[in-house]
Structures are given as C-alpha cells and as structure tokens.
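Enquirer: Let me see the structure of the following:
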Amino acid sequence: MSDSDGSRTDDRGAPHAEREAMRARLVEIDALVSTGRLAASVAHEIRGPLQAVLTHLALVERALPRDFPERESWDLAVAGLERIREIVGEFLGVHRTSATPPSRVDCNALVRAVAGLVEGHARALGVRLTLELDDDPPIVAGSFGRLFQIVLNLVLNAVEAMPQGGVALLVAESRDDRAFLEVRDRGRGIPPERIETIFEPFESSGKSAGTGLGLYVARRLAEEHGGAIEVASRLGVGTTFRVVLPRVKDDTSR
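Expert: Now for the predicted structure:
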C-alpha cells in the first residue's frame, strides 16, 4: 500500500519508513537494556572480592609504620581501588530500585557531609569548596545515602571541571514547597549541543573520564525522590546543576 505521494504505508496507515525507524529504536533500546543487565551482573560479581581486598588492605595499613617509604604509592593504589568501587556502584545503580522507607533528610547536613568527603580531593586539585546553606535547613523525604550519591557525583564533576583550580559553590535552600541543591563551578562549561544528551547512559559531561553513568544514575535517583535535575552552562563561564526535590515542612522542635 502506498500514499498519494508514493511513500509506503502499513495496514494502519503509518509510513513504512516511520515503522522501520520505530523498530530500529526498539532494537536499540532492547540492546541497551541487555547491556545494562549484563553490566550490573558483572559489577555484582566484582563487588564482593573488591570489598574483601579493600578490607584486608585496611588491616595491613594499620600494621604499616608511619614512615613507610612508599606511603604515597600505597595511598594512590587504595584510591584507585576506591574509584573502581565507585564505578561498580554506578553500574549497579542503573538497575537498583529503592526498597527502604524514606526518612527525613536535612539538606544542610547532606551538603556538609559531601563537602567533608570531597574537600581533600578538591584541595589537591586547587579547588576550594564554598557552602551556602539556608538558615532554615531544607528537609526532604528520602534516602540520605542516595541523595548523598547525587550530590557527590555533581560535586566531583564540578571539581574535575576546573583542572587549573577555582571555586565550587554548594548551595542548599528552599522556597515554598521545594528544596534546591545546587552545585556551581567556574569550569570550561558544556557545549550547548551536548546539554540534551549528558543524562543519557554511557554519556559524559565532558568533565571527567568516568563511566558515563554518573549523571544518568543521579537523575534516576532524583526522580525516585519525586524530583529532577536541571542544568545551565556557558562555555568558558561554568556550569550549574540544580537538584529540585519536594520539601517536607519541618514544624517539629529539634
């Protein structure tokens, strides 16, 4: 069957080319899902022995003398294994669903915790972390660990976006019924044509040589909490990531 313009259509009138494009897209999605499942399975198998290695290294480290001559090499090796564990966690995060009941999360405390973890890494790269926290701490309902993962990913991206050093600003604030967590850098920025794709799996913001899953997982976690992640960027000026979450009004005495 063909239309008056000569293009082929199926029995329901859909153009043949459109039908083939939809079929190709479904095949692509199926391949992506299969790849993700395989990656999650492999990551799960790696996680156990990797954690065992890190645990035993921590025990060995206690026995090392303080003036151990290869201390720097030791620290770099452990840091490398920790990074592998983070990557494994990102792969597992693609297919993980939350089964734990939500709790009340103080966004100020969340930002302070992330900054405390990243501060040493940032300082080594010449980046200073600055915090702007609301006097009335924004409270959201969810998992502290998963929200921590979102902000940690964004802060690490911000730090690595400024290889020459600079300032990264971490903001926690609330307005009306929403809480906002912002991470702003003064790095190289993201090209406009890539803004629409940076949250896709196996894409990268261009700021680091990661797995390309960090922002994808971060967005999924934000959506799990009923929120979203917004991004604004200008080349040569910097990038702002904003996590928008439903706010829980905290009227109880603390």
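
Enquirer: hey, let's count contacts and neighbours off CA atoms from now on
Expert: Will do.

Enquirer: any idea where the strands of the stretch 101-250 of the chain begin and end?
Expert: Using DSSP state E, counting those that start in this stretch, the strands of the stretch 101-250 of the chain run over residues 103-106, 127-133, 139-142, 166-175, 178-185, 228-234, 238-246.

Enquirer: now those in a markdown table, with mean neighbour count and distance to Leu154?
Expert: Listed next are the strands of the stretch 101-250 of the chain as a markdown table, based on neighbours: other Cα atoms under 10 Å; distance: least, Cα to Cα, whole Å:
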| stretch | mean neighbour count | distance to Leu154 |
| --- | --- | --- |
| strand 103-106 | 16 | 18 |
| strand 127-133 | 17 | 13 |
| strand 139-142 | 22 | 18 |
| strand 166-175 | 20 | 10 |
| strand 178-185 | 23 | 7 |
| strand 228-234 | 16 | 10 |
| strand 238-246 | 22 | 7 |
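
Enquirer: Pipe those strands into TSV and attach distance to Leu57 and mean pLDDT per row.
Expert: Below are those laid out as TSV (distance: least, Cα to Cα, whole Å; pLDDT from 0 to 100):
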stretch	distance to Leu57	mean pLDDT
strand 103-106	33	93
strand 127-133	29	96
strand 139-142	33	95
strand 166-175	32	95
strand 178-185	33	96
strand 228-234	37	94
strand 238-246	36	96
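
Enquirer: Now distance to Arg219 too, for these, in CSV please.
Expert: Formatted as CSV, the strands of the stretch 101-250 of the chain follow (distance: least, Cα to Cα, whole Å):
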stretch, distance to Arg219
strand 103-106, 18
strand 127-133, 22
strand 139-142, 14
strand 166-175, 18
strand 178-185, 13
strand 228-234, 6
strand 238-246, 9
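
Enquirer: Out of those, which gets nearest to Arg220?
Expert: strand 228-234 (8.5 Å; Cα to Cα).

Enquirer: sorry, back to before: which one, of the strands of the stretch 101-250 of the chain, ends up nearest to Val114?
Expert: With distances scored as Cα to Cα, the stretch of those nearest to Val114 is strand 166-175 (9.6 Å).

Enquirer: Just list what that closest one packs against, helices and strands only.
Expert: Judged by 3 or more Cα pairs under 8 Å, 6 or more residues apart in numbering; DSSP states H and E, the packing partners of strand 166-175 are helix 107-124, strand 127-133, helix 144-160, strand 178-185.

Enquirer: for these, which one ends up most surrounded?
Expert: When you average the neighbours per residue for each of these (mean count of other Cα atoms under 10 Å), strand 178-185 leads with a mean of 23.

Enquirer: circling back to that earlier point, what's the closest of the helices and strands packed on strand 166-175 to Arg19?
Expert: Among the helices and strands packed on strand 166-175, the nearest to Arg19 by Cα to Cα is helix 144-160 (37.7 Å).

Enquirer: Restricting to C-alpha, output that closest one in PDB.
Expert: Extracted C-alpha coordinates of helix 144-160, given in PDB (Å, rounded to 0.1, in the frame of the first residue of the first chain):
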ATOM      1  CA  PHE A 144      20.300  10.000  52.800                       C
ATOM      2  CA  GLY A 145      22.700   7.600  51.000                       C
ATOM      3  CA  ARG A 146      21.000   8.000  47.600                       C
ATOM      4  CA  LEU A 147      20.700  11.800  47.900                       C
ATOM      5  CA  PHE A 148      24.400  11.800  49.000                       C
ATOM      6  CA  GLN A 149      25.300   9.900  45.800                       C
ATOM      7  CA  ILE A 150      23.500  12.500  43.700                       C
ATOM      8  CA  VAL A 151      25.300  15.500  45.300                       C
ATOM      9  CA  LEU A 152      28.700  13.600  45.400                       C
ATOM     10  CA  ASN A 153      28.600  13.000  41.700                       C
ATOM     11  CA  LEU A 154      27.800  16.600  40.900                       C
ATOM     12  CA  VAL A 155      30.500  17.900  43.200                       C
ATOM     13  CA  LEU A 156      33.100  15.600  41.800                       C
ATOM     14  CA  ASN A 157      32.100  16.700  38.300                       C
ATOM     15  CA  ALA A 158      32.400  20.400  39.400                       C
ATOM     16  CA  VAL A 159      35.900  19.800  40.900                       C
ATOM     17  CA  GLU A 160      37.200  18.000  37.800                       C
END
